[in-house]
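K.L.:
generate coordinates for the sequence data below:
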Amino acid sequence: MEFCEAMGQWFRNYEAAITSSQQKSLRNKGKSQACPRLHLDRTSPHWLLHRLDCAPPPPEAQSWLSRVNIDQSEIMRRAGQTLLMVTDTSGLPLGFDIVSVGVANPKGGAFVKGTNQKIKDNGESKMTERILGLLRHCMEAPMSGGAPRRPQTLRVLDRKLHKLLRRSVDAVSALRLTLTSHAVDDWGAAELDSETGGQGGVPFALRWPVMRHCHVCKRYSFCCQLKPCPQCNAVLYCSERCSEIDQSRCPEDSSHQHWCKKLAQYLRHGAELADLPFSYAAEVTGEDFEIERFLTQNRLDHGYWVHWSLLVRSPHFLLHSDMDHSGENTPSWFTGHADPYGPLKAESDILLSCSGKGPRAPSLTSPLVSWVQYCKWRGLSLSSPVVALLSSPLSIYYIMTSLVPRDFPELNILKKKSLKIHIIESNREFQSLMVFWELAMLLPHVTFELLFIGEGLPQECDEQQFLLQQKGDRLILVCPSFAHEDGVGKRSIRVKGYRRAYHMLQGPKPDLVIGFRPAFRLHDFWLSTLPRLQSLKVPAYFCEDNELSCVCSQQVMGVATGGALSPPHINPFHSPLRITRGDNKLPWYSNAFVFRLIYKTVATCPQRVPVARPRPCDPAQPLPPANQKAGVRQNPPPEASKMTRKERKQAARNVPRKRK
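P.N.:
Residues are numbered from 1 along each chain as shown. Next up, the predicted model:
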């Protein structure tokens, strides 16, 4: 949504600038408009102009579009339009334009009858004006943000557009840039040679950094210059007015003045969160880290990595092709990619192997508490990004072995042979089930049953049961509903999914409740889920991306149950990939902080003293005194205290009972 909003806002500004430029050119007809003096883009001095025609889908694509329920009429309505996009050589979008078919496909002019003079076609001139206007606006207000700048050279990745610009060399020179001598047809995988400063053989790929915008009015950096708060240096504003509005918000706890000192403290935790042992830590913990570029550079484009990217999405995107789906009615969710860890083949062989030659399980008295210890124990390289996928199961292990024994010593959780864990509203974790096999490797004496509960789970997985088990020397994922359960190993993990809110779930009480990225303040169902957890009194731990979300969750917990949260502390197994936000500079990491629910203590009512029923008098026993009050229990006679248990039961049966 932020991506679309930023593109829409930039395009509206671009159209306004084009209209103003056209009116100015009519007033100054015949005068060339010189480009304002801008600094050279030294990071990427060579820019690229791409062209993408919106044509009807080919026949081989129509069947796929029908399967994923995409309305082809929307695509057909855009047929004939052309998208022009300007990027730098690293794939950073700088601006775009949408041109209709009449302007996008100029005929190239016509010859006047009886002469050799060629009249310039109107469509050709309009196309040239649109390109030059687009380039000018990309220089003055780059869509990706940053200071206004100009390129040194421009390469056109379309022969027709390159031919048009070659005919308008003077207009191109007015922009103070040089057009390359030739063009290529394919803009998607063009080899960038020495003429454009790129590396030959490296395929071109678009990338999209986080768009910085004002915390109050949401204006993006290409519209104005953003400055952080001078006190906390954490929140970005476009003007003094927006800063004053944020300082004086009502109620008081929603104003920046209330949070300023706390945000400064949260910002200082960035160095501790970035203190990671991985060789790529400096890149992935940077303030302007781009996860899409990192995934593209490392070719992490399939397997479980797709859930970390915005580039691959569809209603029926499938993952688990290595599942045993011998049944005829196997759900579509089972089929898909064969390698959950994507191109990381060496790591996949280590993590999915069940040959029995794995390392000895860590000691329960001294569990693993850092990524260095885990990677050394598992035999993984500190240069591998696979730990980003393993953050969730390692966080569960850390909670079980380090936090629960400290907070709930009476449970003796490490001595239990089986554990039922409820994982709430964690859809990405449910789509990455194979990584939870690490729990069986770390705690082999425990039989795990994982229940994923959330409204965002796939519909076809509601109340479906799965098994993580060994088949030969490899790990597989099977569904007992569609495949036989023959040969289930002792070290199997049972998984079940429920597509509903947690407070709507009926079943036995779990041993532990865990949630990833709960965002209490963003979802109303927590006002019903938290009281449900309060009634169960089960240990519940949650992992949040930043400290601010943990503090805001405290308010929701107080409103929902009257309880509290434990102080959040840094999770040693948090993901190393930083999450960058557009309106602040706080350090965000997946599973960065851990906290637990502290339930409200219910006051116990004073216990009522039961009224004793009068017993029939034994003729051999003396009658009670006349002044004895009815219903007051007296000490039993010495003979009654000598009665055996069997005699007391028999005497109780002889007591007459009142019929209801």
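
K.L.:
what's the helix or strand for the nearest residue to residue 95 once chain neighbours are set aside?
P.N.:
Spatial nearest neighbour of residue 95, excluding adjacent residues (CB to CB, 6 or more residues apart in numbering): residue 138 at 3.8 Å. Bear in mind the C-beta positions are built from the backbone N, C-alpha and C, glycine included. Taking DSSP states H and E as the criterion, residue 138 maps to helix 122-140.

K.L.:
re the thing from before, next, the contact list for the residue nearest to residue 95, please.
P.N.:
Applying CB atoms under 8 Å, 6 or more residues apart in numbering, one finds that residue 138 lies in contact with 47, 86, 94, 95.

K.L.:
can you check residue 272 too?
P.N.:
residue 570 are the contacts of residue 272 under CB under 8 Å, 6+ apart.

K.L.:
what about it, is that helix, strand or coil?
P.N.:
helix (DSSP: H, G, I helix; E, B strand; the rest coil).

K.L.:
among the contacts of residue 138, which are in helices?
P.N.:
Members of the contacts of residue 138 lying in helices (criterion: DSSP state H): none.

K.L.:
by neighbours, which of the residues you listed wins?
P.N.:
residue 94 (27 neighbours; other CB atoms under 10 Å).

K.L.:
can you tell me how far that residue sits from residue 126?
P.N.:
Separation of residue 94 from residue 126 (CB to CB, to the nearest Å) stands at 22 Å.

K.L.:
do residue 577 as well
P.N.:
From residue 577 across to residue 126, the span is 45 Å (CB to CB).

K.L.:
what segments of the stretch 51-200 of the chain are strands?
P.N.:
Assigned by DSSP state E, counting those that start in this stretch, the stretch 51-200 of the chain shows strands spanning 82-88, 93-99, 110-111, 118-119, 149-150, 153-156, 178-179.

K.L.:
would you turn these into a markdown table with mean pLDDT?
P.N.:
As requested, the strands of the stretch 51-200 of the chain are exported to a markdown table (pLDDT from 0 to 100):
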| stretch | mean pLDDT |
| --- | --- |
| strand 82-88 | 91 |
| strand 93-99 | 91 |
| strand 110-111 | 39 |
| strand 118-119 | 46 |
| strand 149-150 | 91 |
| strand 153-156 | 91 |
| strand 178-179 | 90 |
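
K.L.:
what's the closest of those to residue 131?
P.N.:
strand 82-88 (6.7 Å; CB to CB).

K.L.:
so for residue 483, what's the pLDDT?
P.N.:
On the pLDDT scale, residue 483 is placed at 51.

K.L.:
next: residue 184.
P.N.:
Confidence score, pLDDT, at residue 184: 73.

K.L.:
that one contacts residue 157, doesn't it?
P.N.:
Yes: taking CB atoms under 8 Å as the definition, residue 184 is a contact partner of residue 157 at 5.6 Å.

K.L.:
higher neighbour count, these two?
P.N.:
For residue 184 versus residue 157, neighbours defined as other CB under 10 Å are more numerous around residue 157 (21 against 17).

K.L.:
phi, psi for the more buried one please.
P.N.:
Backbone geometry at residue 157, expressed as degrees, to the nearest 10, gives phi -100, psi 50.

K.L.:
that one touches residue 52, doesn't it?
P.N.:
No: taking CB under 8 Å as the definition, residue 157 is not a contact partner of residue 52, at 10.0 Å.

K.L.:
how many other residues sit next to the closest residue in space to residue 216 that isn't next to it in sequence?
P.N.:
Using CB to CB, 6+ apart and skipping the chain neighbours, the partner closest in space to residue 216 is residue 242 (3.9 Å). If you count neighbours by other CB under 10 Å, residue 242 ends up with 20.

K.L.:
same thing with residue 507?
P.N.:
Going by other CB under 10 Å, the residues that sit close to residue 507 add up to 11.

K.L.:
okay, and it sits in which element?
P.N.:
Short version, using DSSP H and E: residue 507 is in no helix or strand.

K.L.:
same question, residue 422
P.N.:
For residue 422, the secondary-structure element it belongs to, assigned by DSSP H and E, is strand 418-424.

K.L.:
list the buried residues for the helix or strand following that strand?
P.N.:
Counting by DSSP H and E, the next helix or strand C-terminal to strand 418-424 is helix 427-430. Under the neighbour-count criterion of 16 or more other CB atoms under 10 Å, helix 427-430 has 427, 429, 430 buried.

K.L.:
what mean pLDDT does helix 427-430 get?
P.N.:
pLDDT averaged over helix 427-430 gives 88.

K.L.:
pull the number of nearby residues for the closest residue in space to residue 351 that isn't next to it in sequence.
P.N.:
In space, and not counting its chain neighbours, residue 351 is closest to residue 341: 6.7 Å by CB to CB, 6+ apart. Using other CB under 10 Å, the number of residues around residue 341 comes to 27.

K.L.:
now residue 249
P.N.:
By other CB under 10 Å, the residues close to residue 249 number 14.

K.L.:
wait, doesn't it sit right on residue 255?
P.N.:
Yes: counting by CB under 8 Å, residue 249 does reach residue 255; the two are 4.0 Å apart.

K.L.:
out of the strands of the stretch 51-200 of the chain, nearest to residue 220?
P.N.:
Closest among these, using CB to CB: strand 93-99, at 12.7 Å.

K.L.:
can you lay out the strands of the stretch 51-200 of the chain as a markdown table showing distance to residue 451?
P.N.:
Listed next are the strands of the stretch 51-200 of the chain as a markdown table, based on distance: least, CB to CB, whole Å:
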| stretch | distance to residue 451 |
| --- | --- |
| strand 82-88 | 46 |
| strand 93-99 | 43 |
| strand 110-111 | 73 |
| strand 118-119 | 74 |
| strand 149-150 | 54 |
| strand 153-156 | 55 |
| strand 178-179 | 62 |
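
K.L.:
residue 77: which of the contacts of residue 138 is nearest?
P.N.:
residue 95 (23.8 Å).

K.L.:
test my guess that that closest one contacts residue 86.
P.N.:
Yes: contact criterion CB under 8 Å: residue 95 and residue 86 qualify, at 5.0 Å.

K.L.:
mind checking how far residue 404 is from residue 395?
P.N.:
In terms of CB to CB, residue 404 sits 13 Å off from residue 395.

K.L.:
rewinding a little: buried set for the strand holding residue 422?
P.N.:
419, 420, 421, 422, 423, 424.

K.L.:
enumerate every residue touching the second one.
P.N.:
When contacts are counted by CB under 8 Å, 6+ apart, residue 420 touches 449, 451, 508, 510, 511, 512.

K.L.:
closest to residue 169 out of the buried residues of helix 427-430?
P.N.:
residue 427 (54.6 Å).
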